[in-house]
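Student: need coordinates for the following:
(one chain, ligands or ions: 1)
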Amino acid sequence: MAGGQVLLRVLDSVRKVTGQPIVEKFINPGTLGDTDESEIYGRLPQWGASLSWSFARTVVGFFDLFTMSTDMATCSSAHIGTLIGVNPVSKQSLFQFPIYFYERQTTMANIKFFSGKTTPIEMHRVRIIQKLNLRPIDERWEAIKQAGNNTFLLKNDDVFLDMLTDSGVNAMSNDQLAAMSQADDSYAGSATFYRLEKALQEVFGMQYFLPAHQGRACEHILSKVFVKPGQVVPMNYHFTTSKAHITVLGGEILEIPVKEAFEMTSDCPFKGNLDIDALKKVIAERGKEGIAYVRMESGTNLIGGQPFSLENLQEVSKICRANGIPLVQDVSLLSDNLHFCKQREEKCKNMSIHEIALAFAEASDILYFSGRKLGFARGGGICTNSKQYYMTIRELIPLYEGFLTYGGMSVREMEALAVGMYETLDEDVISQGPQFIEFMTNELVKLDVPVVTPPGGLGCHLNARDFLAHLKPEEYPAGSLASALYLISGVRGMERGTLSEQRNEDGTEPIAHMELVRLALPRRVFTMSQIVYTVDRINWLYQNRHLVGGLKWIDEPKILRFFYGTLEPIGDWQQKLIAKFKEDFGDSL
Ligand SMILES: Cc1ncc(COP(=O)(O)O)c(C=O)c1O
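Tutor: Numbering: from 1, shown residues only. Purely as a prediction, here's the structure:
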């Protein structure tokens, strides 16, 4: 903003803020400034020697009234508002843009121990608890038999630490719970919808928001709109539901991540990057018409929660735009990716989390997400800046999801999601998961247990192919490991390997690129001692890995077989494992 005069008005709902970033970013030296916020008032002269500020309580001129509109009363730490310029005489709106206020943060990484240890610290306290059960090993055996050795089919009552997924099981904050009570329950035009829409507009800087009941609902609708039989969707890596929705419509997926994506142990900081040359090649071969869209998945789930860099995304975006191909970003696991960009990417070091999120959105034509992951609630949605896409997608929302102002979501969840979206911009909140995962991974590395490195987001990933190297791929090492781990610890992980693939048309088994057991750490849920217990039991299992055998099908469903399929152990390895457990642990659970 050149010249003129400004009044920065900070509403009461914004607490303990510093206005430095906005002042430096938007207001030129020499501008006459005034503020009703004492924190800012006292600091204006300190913020850059080059700023020559003078203060006036009465502000006149062209840019003379700024008000900040914000609904942040329920949000404790990430403060975002819209700066609106209004001509006080004509009352005409002059401009509007988002601003960021930062609360001074103590990130976990900044807390040092006298002992020199690096132990992550929970930056929250627990105020509501849920009692856990740890059943004796014989009961666990009964439970896993009943579940057909499929951890999806275990009853939660039989599970001690549920590391199946981070989906829909993240802990909510007190602000989210408070927001739920103001839910406005109406079929059409609910105030809750407009609050959520505003949150997404502010967080992503995208104008249009289309609600859907969860992530796969967005995938269903986007596939219906974009995918025609024979078309390909190049992507950094698939997710189970995203692949199923594309292929069911006659489309094909093409995974073209960088080669490091499939290296179990690596120091590549961005294993989720797309291979740029491979993208150029597929565009040259298939042409714009042969490509439905390019899909980038942040915090790439099935390769171990691995991020891509902002630089890579921007490069992909440039190529897509030059060729008129839409770029769709699955931001379900965005929070981990934002954290890693800030930590690992030079370009992002001096950017706020919000600036990185805005840059992610700017590079994409469409964003979609599972609110079961992003935003610590449940639900989902699609964001775009394109009116054309919005109008096309809009037709399908009432058909498959619900009216445009709820899209199949409960209004209470929508309120929680709105607050959760702002919390996603708080480094303290989003760094919690990755730092616990890093701790867990590093402890297992010290014990020589094969795990995916570098640690990603979402969870710690055991490399079952190496862990159970004596098993054949057709004996489902990751499925066996998930079953064995539950048996000896009550910890429920998820098979992410061959069982999670769909059998080939010709009946052969599609051996997965990676054979993993994912131990998801839902955000803000587990404590350090629970992580330590899990590491201890995994270590015991690794020492006794020769006792673990394979699995074979009892019942194999045709689609998404890993959800409902049942299997049985090959031989009596589970009895042998139980006997050794009792020998080593006596009557311990
Ligand atoms: C990357 C990614 N995309 C999409 C989905 C699907 O979301 P939902 O489970 O809400 O349908 C998931 C769920 O785990 C996911 O991890």
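
Student: domain ranges for this structure, per the record?
Tutor: Domain ranges of the chain: 5-103, 137-166+428-585, 178-412, per automatic domain parsing.

Student: can I get these in a markdown table including mean pLDDT?
Tutor: Listed next are these as a markdown table, based on pLDDT from 0 to 100:
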| stretch | mean pLDDT |
| --- | --- |
| domain 5-103 | 43 |
| domain 137-166+428-585 | 96 |
| domain 178-412 | 97 |
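
Student: the ligand: which of those is closest?
Tutor: With Cβ to the nearest ligand atom as the criterion, the ligand lies closest to domain 178-412 of the domains of the chain, at 2.3 Å. Heads up, the C-betas are built off the backbone N, CA and C, glycines and all.

Student: is any part of that closest one close to the ligand?
Tutor: Yes - applying Cβ under 6 Å from any ligand atom, one finds domain 178-412 touching the ligand at 214-216, 239, 241-242, 297, 301, 330, 332-333, 370, 372-373, 380.

Student: out of the residues you listed, which sit inside helices?
Tutor: In helices, defined here by DSSP state H, the members of the residues of domain 178-412 next to the ligand are G215, R216, T241, S242.

Student: apart from its neighbours in sequence, what residue is nearest the first one?
Tutor: This points to G215. Nearest residue to G215, sequence neighbours excluded (Cβ to Cβ, 6 or more residues apart in numbering): S370, at 2.8 Å.

Student: OK, contacts around that neighbour?
Tutor: S167, Q214, G215, R216, C218, S332, G380 (Cβ atoms under 8 Å, 6 or more residues apart in numbering).

Student: switch the cut-off to 7 Å
Tutor: S167, Q214, G215, S332, G380 (Cβ atoms under 7 Å, 6 or more residues apart in numbering).

Student: off-centre distance for stretch 438-451?
Tutor: Between the centre of stretch 438-451 and the centre of its host chain there is 23 Å, according to Cα atoms, centre = their mean, to the nearest Å.

Student: for it, buried residues please.
Tutor: E438, F439, M440, T441, N442, E443, L444, V449, P450, V451 (16 or more other Cβ atoms under 10 Å).

Student: thinking again about what came up before, now the contacts of S370: which count as buried?
Tutor: Buried among the contacts of S370 by 16+ other Cβ under 10 Å: S167, Q214, G215, S332, G380.

Student: so what's the nearest residue to the second one once chain neighbours are set aside bridging to?
Tutor: When you say that, I think you mean Q214. With sequence-adjacent residues excluded and distances taken as Cβ to Cβ, 6+ apart, Q214 is closest to G380, at 4.6 Å. With DSSP bridges as the criterion, G380 is bridged to A212, S370.

Student: try the one 4 residues further on
Tutor: With DSSP bridges applied, the residues forming beta bridges to T384 are Y208, I366.

Student: who's in contact with it?
Tutor: M206, Y208, D365, I366, Y390.

Student: P326 is in contact with the fourth one, correct?
Tutor: Looking back up the chat, that one is I366. Yes - the pair I366 / P326 is scored as a contact, 6.4 Å apart, by Cβ atoms under 7 Å.

Student: restricting to C-alpha, output stretch 308-317 in PDB.
Tutor: The C-alpha coordinates for stretch 308-317 follow below in PDB (Å, rounded to 0.1, in the frame of the first residue of the first chain):
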ATOM      1  CA  PHE A 308       6.300 -33.100  -1.400                       C
ATOM      2  CA  SER A 309       8.100 -29.800  -1.500                       C
ATOM      3  CA  LEU A 310       6.500 -26.500  -2.400                       C
ATOM      4  CA  GLU A 311       9.000 -26.100  -5.100                       C
ATOM      5  CA  ASN A 312       8.000 -29.500  -6.700                       C
ATOM      6  CA  LEU A 313       4.300 -28.600  -6.500                       C
ATOM      7  CA  GLN A 314       4.900 -25.200  -8.100                       C
ATOM      8  CA  GLU A 315       6.900 -26.900 -10.900                       C
ATOM      9  CA  VAL A 316       4.100 -29.400 -11.500                       C
ATOM     10  CA  SER A 317       1.600 -26.500 -11.500                       C
END
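
Student: which parts of that stretch are buried?
Tutor: Quick answer for stretch 308-317 (16+ other Cβ under 10 Å): F308, S309, L310, N312, L313, E315, V316, S317.

Student: how about the nearest residue to the fourth one, chain neighbours excluded?
Tutor: Counting by Cβ to Cβ, 6+ apart, N273 is the residue found nearest to N312 once chain neighbours are left out, at 4.1 Å.

Student: mind listing what the one you found touches?
Tutor: N273 sits in contact with N236, P257, V258, F308, S309, N312, where contact means Cβ under 7 Å, 6+ apart.

Student: repeat that for V316.
Tutor: Here V316 is in contact with L274, L279, V294, M296, L327 (Cβ under 7 Å, 6+ apart).

Student: residue of the stretch 51-200 of the chain with the smallest distance to the ligand?
Tutor: Closest point on the stretch 51-200 of the chain to the ligand, by Cβ to the nearest ligand atom, is S167, at 4.7 Å.

Student: pretty sure that residue sits against L374.
Tutor: No - S167 lies out of contact with L374 (Cβ under 7 Å); the separation is 10.5 Å.

Student: run a quick neighbour tally on the closest residue to P257 other than its chain neighbours.
Tutor: Excluding the flanking residues, the one nearest P257 by Cβ to Cβ, 6+ apart is N236, at 4.7 Å. Using other Cβ atoms under 10 Å, the number of residues around N236 comes to 29.

Student: from R503, how far off is N236?
Tutor: Computed with Cβ to Cβ, to the nearest Å, the distance linking N236 and R503 is 24 Å.

Student: tell me the secondary structure at F436.
Tutor: When classified by DSSP: H, G, I helix; E, B strand; the rest coil, F436 comes out as helix.

Student: pull the contacting residues for it.
Tutor: P120, L521, F526, I531.

Student: can you put the residues you listed in a markdown table and add secondary structure?
Tutor: A markdown table is the format used below for the contacts of F436 (three-state DSSP):
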| residue | secondary structure |
| --- | --- |
| P120 | coil |
| L521 | coil |
| F526 | coil |
| I531 | helix |
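
Student: isn't M414 up against G380?
Tutor: No - with contact defined as Cβ under 7 Å, M414 does not reach G380; the gap is 10.6 Å.

Student: name the nearest residue to K387, sequence neighbours excluded.
Tutor: Here the residue nearest K387, using Cβ to Cβ, 6+ apart, is Y208, at 7.3 Å.
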